[in-house]
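Engineer: structure, please.
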Amino acid sequence: MATADSVSVFAEGTFEEQIQELVDYATRSSPEDERATALQSFRDIVKSGEGAKPIEEDQERRRRALIFALDQTKGLGDGSEQEIEGYFNLLFSHLLTLWASNSPETNHHVSSLLYILTSSHSDQPSVKYRVISNLFNATPRNSALRLPIYKALLQVATENGELESLRLTRKDIEQWLQEWDISSEERSQFLKSIVEAFIKSGQPETAYHHTLAYVSSLPSSSPDGQSAAIDAIALALRLPSLFDLDPLFKLDAVVAAKDHELFSLLQIFLNSGLPEFHSWLESHPAVLEKYELDQAQLERKIRLLSFASLGFAHVGHDLPYSEVASTLQIELSQVEKWAIDVIRTGLLSGKLSQTTQSLHVYRSSARTFEREQWEALEKRLVAWKAGLASVLEVVTSAQKRGNGSAVSEVVQQVTQTGTESVQVDAA
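Structural biologist: Purely as a prediction, here's the structure:
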């Protein structure tokens, strides 16, 4: 039998007594005559006629008794949170015991219970989280039932604005999708529901990262795949703090959308600058409004990306203000403001110098890492290796002469400059 996560169910008494408790709780708030009728119907099911097997040994009657209790379940019931949780835990326990987890009967009853749980009003939704989570954990790890159960949990959390309480991670999702016995279409729909939940909860940045998984789960040339790819591009461009656009180009569905107007815009943000952006705007005047894109926000993003590209070409060197102003199409007086902005984003780190009107770049991000960037990195590593060899030579020479101050000077310069070139007076 497939392993389920451990869920403790503390229930005393015989099967009949336990189902009796379920029926008592479910009918607690019913009118007295209806309650009496329900209890009598239950007693008719469980009583053993002459020569009949006791209910403990009669699988069919036990199922009929539980179905009767399930049919009486119309909502969370009139009880405390502890009673509600205990009631549903006991109900789930018998349900998963009397039928296989992959049976049509189990699927039907679980679907009905999930509808009751998600649609019932409660001033304290935390009990719903616990009840649905308990069902999720009680279900075998590879069961297809875990899909609708978790979608119900997503629904409750989203409706109450408490999606963070689920602590959902991409690692969890990947593991579940490997474990659950569901189709590729169901996997895609689950990922889509996660994206929609985070969008509805006002967390587009988190939604974007799940969108990448959703797009990759779809056939690249299918209508759904193409639609999802375009939505992913629009979301990536819309997010003001998202600058790493390269992962999009690794998705087959995005590459397959190469003829779409947004794809050409995405390419500009990955490889080009403001002139190309403004040229694209002239050719596509209605696209920004169609996809809810803000021109000012896009201009800011492409300026920051262009700034980072400039910095990448000047790592370890001074970047003149004039070059920044020319590339970003801004006044010289605005360079420092943009430099502070790009440093805050984490795209670049460096030190401003008003005296030399330059920015000394310590580190900068590349918009994409392809052959050109690898070649630039190789040149820096070669220069670094040569610099370290020079330092080692000076240190060895100073040690031979017993010149401690020269060694200290080298160590200090290496500490201050990191991996940049070091100049040492060998005298």
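
Engineer: how far away is Glu185 from Tyr362?
Structural biologist: Separation of Glu185 from Tyr362 (Cβ to Cβ, to the nearest Å): 49 Å. C-beta: built from backbone N, CA, C; applies to glycine.

Engineer: got a list of what Phe92 touches?
Structural biologist: 113, 134-135, 138 (Cβ atoms under 8 Å, 6 or more residues apart in numbering).

Engineer: the strands in the chain, which residues?
Structural biologist: 318-320, 348-353, 358-364 (DSSP state E).

Engineer: possible to save the ones you listed as a markdown table with distance to Glu50, mean neighbour count and mean pLDDT?
Structural biologist: A markdown table is the format used below for the strands of the chain (distance: least, Cβ to Cβ, whole Å; neighbours: other Cβ atoms under 10 Å; pLDDT from 0 to 100):
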| stretch | distance to Glu50 | mean neighbour count | mean pLDDT |
| --- | --- | --- | --- |
| strand 318-320 | 97 | 18 | 97 |
| strand 348-353 | 88 | 17 | 96 |
| strand 358-364 | 88 | 19 | 96 |
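
Engineer: redo these as JSON lines? Include distance to Phe307.
Structural biologist: What follows is these, written out as JSON lines (distance: least, Cβ to Cβ, whole Å):
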{"stretch": "strand 318-320", "distance to Phe307": "9"}
{"stretch": "strand 348-353", "distance to Phe307": "7"}
{"stretch": "strand 358-364", "distance to Phe307": "9"}
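
Engineer: which pLDDT does the model give Leu377?
Structural biologist: Predicted confidence (pLDDT) for Leu377: 51.

Engineer: I should have written Pro247 there, sorry.
Structural biologist: Pro247 is given a pLDDT of 93.

Engineer: and it, how many neighbours?
Structural biologist: 14 (other Cβ atoms under 10 Å).

Engineer: got the contact list for it?
Structural biologist: Leu212.

Engineer: of the strands of the chain, give the one that comes closest to Leu332.
Structural biologist: Smallest distance to Leu332 across those (Cβ to Cβ): 10.1 Å, for strand 318-320.

Engineer: please name the nearest non-neighbouring residue to Lys192.
Structural biologist: The shortest distance from Lys192 to any non-neighbouring residue, by Cβ to Cβ, 6 or more residues apart in numbering, is to Tyr214 (5.4 Å).

Engineer: contact partners for that neighbour?
Structural biologist: Counted by Cβ under 8 Å, 6+ apart, Tyr214 has contacts 188, 191-192, 194-195, 228.

Engineer: run the last query once more with 6 Å
Structural biologist: 191-192, 195 (Cβ atoms under 6 Å, 6 or more residues apart in numbering).

Engineer: now, the residues you listed that are in helices?
Structural biologist: 191-192, 195 (DSSP state H).

Engineer: between those residues, which has the most around it?
Structural biologist: The most crowded member of the ones in helices among the contacts of Tyr214, judged by other Cβ under 10 Å, is Val195 (24 neighbours).

Engineer: quick one, what contacts it?
Structural biologist: 207, 210-211, 214.

Engineer: distance check, it against Thr368.
Structural biologist: In terms of Cβ to Cβ, Val195 sits 25 Å off from Thr368.

Engineer: which residue lies farthest from the center of this structure?
Structural biologist: Glu50 (60.5 Å; Cα atoms, centre = their mean).

Engineer: next one: Thr169 from Ala26, what distance?
Structural biologist: For Thr169 relative to Ala26 (Cβ to Cβ), the value is 37 Å.

Engineer: got phi/psi on Asp259?
Structural biologist: phi -90, psi 0 (degrees, to the nearest 10).

Engineer: so where is the protein shaky, pLDDT-wise?
Structural biologist: Along the chain, the parts satisfying pLDDT under 70 run over 1-11, 51, 369-387, 389, 398-399, 402-427.

Engineer: so it: which segments form each domain?
Structural biologist: As given by automatic domain parsing, the domain ranges for the chain are 1-48+55-141+150-160, 183-293, 299-364, 374-417.
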